[in-house]
Every structure is written in C-alpha cells, then in structure tokens.
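Novice: Sequence and predicted structure below; questions after.
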Amino acid sequence: MADIISSGQHSDDAPPLLPAGSVLVGLLSFAMMDVVMKRLSIDLGAYNALLWRVLAALVLVSALYFARRPKMPGRAARKVHLQRGVIVVFMSYLFFWGLARVPLAEAIALSFIAPIIALYLAAVFLGETIHRNAIYASLLGFGGVLVIAWGRASGDYDEAALLGIGAILASAVLYAGNLVIQRQQALLAGPLEISFSQNLIVGTSFLLLAPFFAVLPDRASLPYIGAGAVLSVISALFIAWGYRRAEAKYLINLEYSAFIWAAIFGWLFFREPITWTTVAGALLIVAGCYLATRRDRKVAHIETTAV
C-alpha cells in the first residue's frame, strides 16, 4: 500500500503487465463505483449521493494522507487544487444527475468526448498547437455524440433522458478543463495529496448547501455510500500507481474498457439494453479520441481521484 500511495515519476522496476493490471483494476473499481452512485442518485438525488459519498471518502483519504505526515502544499499547488476542486464540484454533480436518467454505457460513451475537447482547451489556455488530426477527431467524436442523441430521441421520446444527455455533455466540457488542469497539478503534487485536496474542497462546497438540500440517508443507503467511497479511493490509487510506472501511450487505450464494464454492469444491475446507436456512437467517439491523441498522449489520460 505504501508503494501505491507514494508520489513519484515513472519507474522501470515493474514489469509492463503490472502497470496495465493496476490500471485495469482501477477502471473496474471506477465502473463499480458508477453503479453504486447511479443507484444512490436515483434513490437520494445526485446532490445527496455525492455529499455523503465524498464525505465518507474524505475520511478514508485523510487517514492515509495524514499517516504520512505530509508537508503543507505550496502556494502554487494550493491554487491549482482549488481551481480543479471547483470544476469537479459542478462536473461531478452534472454527471451523476445525468447518470440517474441515462443508461450507464451511454453515459460513459458520451464522457469519452472530454479528451477531444481538452485538446482545444489546451490550445486556448496553454497555447498548444491544434493538429489536423484533432480536427478530424472532432468530426468523429461529435458524430458519435449525434448518433447516440439520435438513438435516444428516436422511437419513444424520453425528455428526461435527453436532459440527462445534455447534463453529461456539459459535464464532459468541464471534464476537459479538468484534464488540462490535471497536467499542471501532477507536476506539483502526488496522487494522495491531490485526492485529499479534491475531496476536501468538493466536500466543503457541498456542505455549504447542506442546510437547504441535505437529507440523512436511510439505513439501506449506508452500505452503498461506504462502497462508493472505498471504490473511489481504490480506483484513484491503482490508476495512479499504473501511470507512474509505465508510459501513458501504453496504457491509455485500456481506459476505453470502461465502456465494456458499463455495458455489462448496466445490464446486470439496471437491465439497461445496449442499443446499436450506443455502440456505434461509442466506436466513433473512441476512434476520434485515438486519432486525436496519437501525437499527444498528455491530455488523453482520464485520471480518477476519489471524487
């Protein structure tokens, strides 16, 4: 465990299969956490699901973080922690609000658009060059979004599901900004400090609204809250461990396995059918992400934290 939560750069000590296995375990844990949060968001609402899950995760991460007797983060790190934490507040709420209204596989497929958007945000805020591949990738990615949205709008019209798609796409835009800031944050802090800071900021933000929206979870919800907190921490630590010990270009494509887990878990736990439009849209978006990030893998990695 100490090796997993320690900060550091890439290491050549671990065989290539170990980082890949670590990332896959992290992605599986993250997919299971999405299942738990979908259930909680349906039962308690997105706000209360996030409030109690984040507070539970903060307790776990705080124990790990302070056990290492950390130094106070520098001013630059605190600024980036705050910026990213504020983005995650809105990003996470929009995603889980949408997830309560949209099939799990569909939501994950739509979220894959974030790395493509991140390329454009990196050009605006970091002065990076947009290559021709990014333009082609945008056409593929947004074509995939249109296919999924068309599949949802055709047949039996479901206004709630379309609103859910809109919320998830808005979350993906914030997710893209999160990916850009994450690159700066990774240079200033280790994964455990990032996870602690993010849970602290997000938890505090949600607590400010507690007098107006918070409800105490019933006894039946407590195991889900605990499971969500544990799974979020596990996913963050295992994915961070893998990415510190292998180059991103060898691991990034593994992240698209999240769609497979989402499809399986959506059917097992919510009996959500997998439509051809969801599969076709996901393939277009993944193809766009692959094309966009062939030249620059830095913005493609979707780092998970305990939020």
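Specialist: Sure thing, it's come through. Residues are numbered from 1 along each chain as shown.

Novice: Please count neighbours and contacts with C-alpha atoms only from this point.
Specialist: Fine.

Novice: so how far does stretch 94-104 reach from one end to the other?
Specialist: Taking CA to CA, to the nearest Å, stretch 94-104 runs 14 Å from one end to the other.

Novice: Check which helices and strands the strand or helix carrying Met33 is in contact with.
Specialist: For Met33, the host element (DSSP states H and E) is helix 17-44. Under the contact definition 3 or more CA pairs under 8 Å, 6 or more residues apart in numbering; DSSP states H and E, helix 17-44 sits against helix 46-67, helix 75-99, helix 222-244, helix 257-270.

Novice: Past the helix or strand containing Gln182, which element shows up next along the chain?
Specialist: Using DSSP H and E, the element containing Gln182 is helix 159-186. Next along the chain after helix 159-186, taking DSSP H and E as the criterion, comes helix 191-208.

Novice: Averaged pLDDT, that next one. What do you get?
Specialist: The predicted model gives helix 191-208 an average pLDDT of 94.

Novice: Report the buried residues of that helix.
Specialist: Residues of helix 191-208 classed as buried: 191-204, 206-207 (neighbour count, 16 or more other CA atoms under 10 Å).

Novice: same check, this time on stretch 227-245
Specialist: Buried, per 16+ other CA under 10 Å, within stretch 227-245: 227-245.

Novice: quick one: contacts for Pro196?
Specialist: You called it Pro, but residue 196 is Phe. For Phe196, the contact set (CA atoms under 8 Å, 6 or more residues apart in numbering) comprises Leu58, Val61, Ser62, Tyr65, Ala306.

Novice: ok, so of the buried residues of helix 191-208, who is nearest Asn253?
Specialist: Closest approach between these and Asn253, by CA to CA: Pro191, at 21.1 Å.

Novice: From Gly242, how far out is the closest one?
Specialist: Taking CA to CA, one finds Pro191 at 12 Å from Gly242.

Novice: Repeat that for Gly281.
Specialist: In terms of CA to CA, Gly281 sits 29 Å off from Gly242.

Novice: And for Ala210?
Specialist: Using CA to CA, one gets 36 Å for the distance from Ala210 to Gly242.

Novice: What of Leu268?
Specialist: Applying CA to CA, the value for Leu268 to Gly242 is 28 Å.

Novice: For stretch 109-116, which outside residues touch it?
Specialist: Under the criterion CA under 8 Å, 6+ apart, residues 134, 137-138, 141-142, 145, 165, 168-169, 171-173, 175-176, 179, 259, 278, 281-282, 285-286, 288-289, 292, 299-302 lie in contact with stretch 109-116.

Novice: ok, Ala161 - contacts?
Specialist: Residues counted as contacts of Ala161 (CA under 8 Å, 6+ apart) are Gly98, Arg101, Val102, Arg152.

Novice: The first one contacts Ile165, doesn't it?
Specialist: Pointing back at Gly98 there. Yes. Proximity of Gly98 to Ile165 meets the contact threshold set by CA atoms under 8 Å, at 6.3 Å.

Novice: overlap in contacts of those two?
Specialist: By CA under 8 Å, 6+ apart, Gly98 and Ile165 have these common neighbours: Ala107.

Novice: Quick check: which ranges of the protein have low pLDDT?
Specialist: Scanning the chain for pLDDT under 70 picks out the ranges 1-16, 155-157, 247-250, 293-307.

Novice: Any idea how many residues pack against the nearest residue to Ser92 once chain neighbours are set aside?
Specialist: Nearest non-adjacent residue to Ser92, counting by CA to CA, 6 or more residues apart in numbering: Ser171, 7.1 Å away. Residues lying near Ser171 (other CA atoms under 10 Å) number 26.

Novice: Same question for Leu64.
Specialist: Neighbour count for Leu64, taken as other CA under 10 Å: 17.

Novice: Tell me how far it lies from Phe213.
Specialist: 30 Å.

Novice: Gly203 too?
Specialist: To Phe213, Gly203 is 14 Å away according to CA to CA.

Novice: cool, Ala186 as well?
Specialist: For Ala186, the distance to Phe213 equals 34 Å [CA to CA].

Novice: And for Leu121?
Specialist: 33 Å.

Novice: Show me which of those two is the more surrounded one.
Specialist: Using other CA under 10 Å as the criterion, Leu121 and Phe213 rank with Leu121 on top: 19 against 12.
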